[in-house]
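Participant: Below is the sequence, then the predicted model.
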Amino acid sequence: MIRKTIIVTSVITLLIWFGWPIYQFFAHEGMVPMLLPTDVVLPESTPQTTAYSYHPQSQAALDLLAQHKTNIHAPAISAAVAIDGEIVWAGAAGWANIEQKIPATAATQFRTGSTAKALTGTLLAKMVQEGKIDLDKPIAHYHTHLPNKSWGKLTPRQLASHTSGLPDYIENTEDWWGFYHLLTLKKRYNSVNESLEVFDDSSLLFEPGSQYHYTTFNTVLLSAVLEAAAGESYLQTMHQKIFAPLKMAATNAEYELTNSNSLAGFYWNDDGRESNFRRWRTVDLSHRLAGGGFISTPSDLVKLGSAWLDNSFISPSTRAQFWQPQTLAEGKINDENYALGWRWADYEDEQGKLHNANHGGVSRGSQCWLMVIPDKHMVVAVMINSNVEEFWDFGKVSIPLARLFLQE
């Protein structure tokens, strides 16, 4: 009887241990109720912070952010603007931590989500420029121990442009153990090569180069190729070639964070539909580091964007190659105007058109937008610590923000 009780108890414990993170996933997707949630109420006041109060557009920019924060029902919003390679303004409105009533500042770090793809694309551009990577050479030339044989024929160009045929998270059903880790978000991956196990049993969805299919797995595999070509870890190479030269001291893998006081709290409110907020469950995003696992600030991100306008960092020929929307095998440009780590778009208002290279990002309790406007020599970045249902409801504040500083 005792033995039977022990067995039953052990089985129940295992089921809870394996099943609880999955339940939490579906709860945060709004598909099942959250159990025993703790709601926090957003204070009525909206603190505003900036170190650029001397700028004639500073208060107007802060007021714009504060109003937008209210419109999209986010705890905090932070933004930065750079012109001609220099940050001309950065500021924040709202609360980085609701419970402790800590205001957001320009130094508050947020999750980048998929804007990380522009960071990894920058490393790829530097390594192409240095002759260490050929965009059209099969990746098996660089990574000689790929865990999936079908990957060997893929090229860095196909990975960076999302034309490789790799599946997305929800299509990763051939790799059940990897799919489980994608739901639970609990496992720490200490290297980009290790994180390939999440999808290394999955088949390609189509012949490489024939279609466009956006998936973070492309960037994760690309990071392993970059690591192999560099001869040192991907993260170390990012620091050496990108973060350190551009003085992006606030950008890193979230799991490398040394000062948690600088990191925003990340909140769930059913994409803005709930009046109160709940803390996002603790997650580990190391499996998607290169494509969605970084933390940063808008000030750091506009430094990255500005580097793409600096001929001494990214040469004109490399920039032209990487900012060219990619063509599919049939000769047609992909539907999203996706280039190599960047999208291209035109945003129009009553003052005209802003032709820009950009990348957005959505993460757990955070969203990010980075926009480079080459003909204005301007870069704008915006971040929040919650989510909205329609991404552009969040990102569109970048247009009037850009216009404020184009008035000078």
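Facilitator: Perfect, I can see it now.

Participant: So which residues of this structure form helices?
Facilitator: 2-28, 58-72, 116-129, 156-160, 176-184, 216-230, 234-238, 289-292, 298-307, 316-322, 391-395, 398-406 (DSSP state H).

Participant: For the second one, give me every contacting residue.
Facilitator: Which is helix 58-72. Contacts with helix 58-72, where a contact means C-beta atoms under 8 Å, 6 or more residues apart in numbering, come from 46, 48, 50, 52-53, 55, 75-79, 81, 89, 91-94, 272, 384, 388, 393-394, 397, 400-401, 404-405. Heads up, the C-betas are built off the backbone N, CA and C, glycines and all.

Participant: If we go by neighbour counts, what in it is buried?
Facilitator: Within helix 58-72, the residues scored as buried using 16 or more other C-beta atoms under 10 Å are Ser58, Ala61, Leu62, Leu64, Leu65, Ala66, His68, Lys69, Ile72.

Participant: ok, now stretch 372-386?
Facilitator: Val372, Ile373, Lys376, Met378, Val379, Val380, Ala381, Val382, Met383, Ile384, Asn385, Ser386.

Participant: Quick check: the last one touching Arg279?
Facilitator: Think Ser386. No: Ser386 lies out of contact with Arg279 (C-beta atoms under 8 Å); the separation is 10.9 Å.

Participant: what pLDDT does Phe179 get?
Facilitator: pLDDT for Phe179: 71.

Participant: That one: neighbour count?
Facilitator: 19 (other C-beta atoms under 10 Å).

Participant: Reformat the helices of the chain into a markdown table and put distance to Ala339 next to each item.
Facilitator: Supplementary listing: those in a markdown table, determined by distance: least, C-beta to C-beta, whole Å:
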| stretch | distance to Ala339 |
| --- | --- |
| helix 2-28 | 32 |
| helix 58-72 | 28 |
| helix 116-129 | 8 |
| helix 156-160 | 8 |
| helix 176-184 | 27 |
| helix 216-230 | 13 |
| helix 234-238 | 20 |
| helix 289-292 | 16 |
| helix 298-307 | 14 |
| helix 316-322 | 6 |
| helix 391-395 | 18 |
| helix 398-406 | 19 |
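
Participant: Of all the ones you listed, which one is nearest Thr105?
Facilitator: Among the helices of the chain, the nearest to Thr105 by C-beta to C-beta is helix 298-307 (10.3 Å).

Participant: picking up where we left off before, rank the helices of the chain by pLDDT, which is bottom?
Facilitator: Minimum mean pLDDT among the helices of the chain: helix 2-28, a mean of 58.

Participant: and Asn259, how far is that from Asp393?
Facilitator: 31 Å (C-beta to C-beta, to the nearest Å).

Participant: Over to Ser210?
Facilitator: Separation of Ser210 from Asp393 (C-beta to C-beta): 33 Å.

Participant: cool, and Pro37?
Facilitator: Pro37 is 24 Å from Asp393, by C-beta to C-beta.

Participant: more neighbours, these two?
Facilitator: Set Pro37 next to Asp393 and count neighbours by other C-beta under 10 Å: Asp393 wins out with 15 against 12.

Participant: and that one, what does it touch?
Facilitator: By C-beta under 8 Å, 6+ apart, the contact list for Asp393 reads Asn71, Ile72.

Participant: residue ranges of the strands in the stretch 51-200 of the chain, please?
Facilitator: All strands of the stretch 51-200 of the chain, identified by DSSP state E, counting those that start in this stretch, fall at 76-83, 86-97, 102-103, 110-111.

Participant: among the ones you listed, which is the most enclosed?
Facilitator: strand 110-111 (a mean of 30; mean count of other C-beta atoms under 10 Å).

Participant: Tell me the neighbouring strands of that strand, and mark each as parallel or antiparallel.
Facilitator: strand 294-296 (antiparallel) (DSSP bridges).

Participant: Many thanks, we can stop here.
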